[in-house]
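Novice: Requesting a structural model of the entry that follows:
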Amino acid sequence: MSSRQTTVDVHAHAVFFQLQDFVIEADPEGWRAHQELDARRNGVEAAKVSGPMIGERIPQLTQLERRLSDMDAAGIDIQVVSPSPSHYYPFLAPDHAVQVAMAANSAVAELVSRAPDRLRGL
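Specialist: Reported below is the predicted structural model:
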C-alpha cells in the first residue's frame, strides 16, 4: 500500500493586469512616479535581467492551463496563490487602495474557482 503525501506550494503568485490598469487610470502620476522610483532603486543592470525574466514567466503567472501543467511537471498537488508583489501600490489614496485590495481578492477567488481541487487563495 502506497501512502503518497500531498505536495503543497505555499508561495505562488498570479498577475492580474486589470489591477494595474485600474491603478494607471486612477492615479497616473502616482503610477509614473512609482515606476521611476522602482527603476532607480533596482538599477539598469537589474532591469536588463529581471525584465526579460518576468516577461518569460507571464504565461505561468496569467494562464491557468500553464500553471496546472507546470504544477504537474514539478509534482505539486496544490498551490496557495496570492497576487504578485507588483500589485502592491503603496502610493494609492485609501479609497483606491481598498478598491484594488477588493479587486485582487476577487481575482484570486475567480482563479481558484477554476481549479478548486488544485488551488487555494491567499
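Novice: In contact with residue 37: list those residues for me.
Specialist: Residues in contact with residue 37, defined by CB atoms under 8 Å, 6 or more residues apart in numbering, are absent; none qualify. Yep, even glycine has a C-beta here, placed from its N, CA and C like the rest.
Novice: Name the helix or strand for it, please.
Specialist: Secondary structure assignment for residue 37, by DSSP states H and E: helix 28-62.
Novice: ok now do the residue nearest to residue 91 when sequence neighbours are not counted, which residues does it touch?
Specialist: On the basis of CB to CB, 6 or more residues apart in numbering, the spatially nearest residue to residue 91 that is not a chain neighbour turns out to be residue 30, at 4.2 Å. Listed by CB under 8 Å, 6+ apart, the contact partners of residue 30 are 23, 89, 91, 92.
Novice: What distance do you get for residue 30 to residue 16?
Specialist: In this structure, residue 30 and residue 16 are 19 Å apart, going by CB to CB, to the nearest Å.
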